[in-house]
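Enquirer: quick check, what structure comes out for this input:
(2 chains)
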Amino acid sequence: GAVVSQHPSWVICKSGTSVKIECRSLDFQATTMFWYRQFPKQSLMLMATSNEGSKATYEQGVEKDKFLINHASLTLSTLTVTSAHPEDSSFYICSASWAREGTEAFFGQGTRLTVV
Amino acid sequence: KQEVTQIPAALSVPEGENLVLNCSFTDSAIYNLQWFRQDPGKGLTSLLLIQSSQREQTSGRLNASLDKSSGRSTLYIAASQPGDSATYLCAVRPGANSKLTFGKGITLSVRP
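Expert: This is a model prediction of the structure:
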């Protein structure tokens, strides 16, 4: 299957700082990328959908000014957690897909964010 | 609103057993259905993708079936191994580039 690379795999940051997470599609052009958050022993919660070259669409209840998403190219999307707080500590996962018949979603390996 | 249900939430079986994981969805108007595996602390690995026009897909010891009219899919694992221990999630997509709706997953433990 296609490869989606997410970086970093884990990060620890101080409260009040910002953290950027990258999601790259390595062997295909991703017209759409999705960002999820996962709490312990819970399923994935979709945060936002981003299409290359346009603004992200955020799910209800997700603060767009706190979770900045940029999808500047067909192979790269970034999620920046601004002014991080301990309650932002979570597991963040990106997914990439492209519009073709048989669209299949491929996921990154996830980023464990800990805010101290 | 689409809802995806996976029951039971957890399952423990002895090694070598054949098993079936169930997934049901409320809206049959889906574009495709995908089964994933997630190991603790890791991302999701795509196992099988079934298009709405297909009835089943196979990969190695895995076989996934789809019955759109009844809103059901099953993931069959043959001759289970301890390495199959993980959480298995199913997800449905309503359109070609639409977001996935996930079930909560089934945590499988295969005992040696």
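
Enquirer: and stretch B:32-41, C-alpha only, in PDB?
Expert: Provided in PDB are the C-alpha atoms of stretch B:32-41 (Å, rounded to 0.1, in the frame of the first residue of the first chain):
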ATOM      1  CA  ASN B  32     -16.500   1.800   0.200                       C
ATOM      2  CA  LEU B  33     -15.700   0.100   3.500                       C
ATOM      3  CA  GLN B  34     -12.200  -0.300   4.900                       C
ATOM      4  CA  TRP B  35     -10.800  -2.500   7.600                       C
ATOM      5  CA  PHE B  36      -7.800  -1.300   9.600                       C
ATOM      6  CA  ARG B  37      -5.500  -2.700  12.200                       C
ATOM      7  CA  GLN B  38      -4.100  -0.600  15.000                       C
ATOM      8  CA  ASP B  39      -1.300  -1.700  17.300                       C
ATOM      9  CA  PRO B  40      -1.000   0.100  20.700                       C
ATOM     10  CA  GLY B  41       0.600   3.500  20.300                       C
END
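
Enquirer: any part of it near chain A?
Expert: Yes - Stretch B:32-41 reaches chain A (CB under 8 Å from any CB of the partner chain) through B:32, B:34, B:36, B:41. Quick note: C-beta positions are derived from backbone N, CA and C, even for glycine.

Enquirer: could you count how many residues lie near the last one?
Expert: Yep, that's residue B:41 we're talking about. Close neighbours of residue B:41, defined as other CB atoms under 10 Å in any protein chain shown, add up to 11.

Enquirer: name the nearest residue to it, ignoring sequence neighbours.
Expert: Nearest in space to residue B:41, with sequence neighbours left out and distances taken as CB to CB, 6 or more residues apart in numbering or on different chains, is residue A:112 at 6.9 Å.

Enquirer: which residues touch that neighbour?
Expert: A:9-11, A:91, B:41 (CB atoms under 8 Å, 6 or more residues apart in numbering or on different chains).

Enquirer: ok, which pair from the residues you listed is furthest apart?
Expert: Taking CB to CB as the measure, the contacts of residue A:112 span a maximum distance of 13.9 Å, between A:11 and B:41.

Enquirer: the helix or strand containing residue A:20 pairs with which strands, parallel or anti?
Expert: Here residue A:20 sits within strand A:19-25, counting by DSSP states H and E. Take DSSP bridges as the rule and strand A:19-25 pairs in its sheet with strand A:4-7 (antiparallel), strand A:76-81 (antiparallel).
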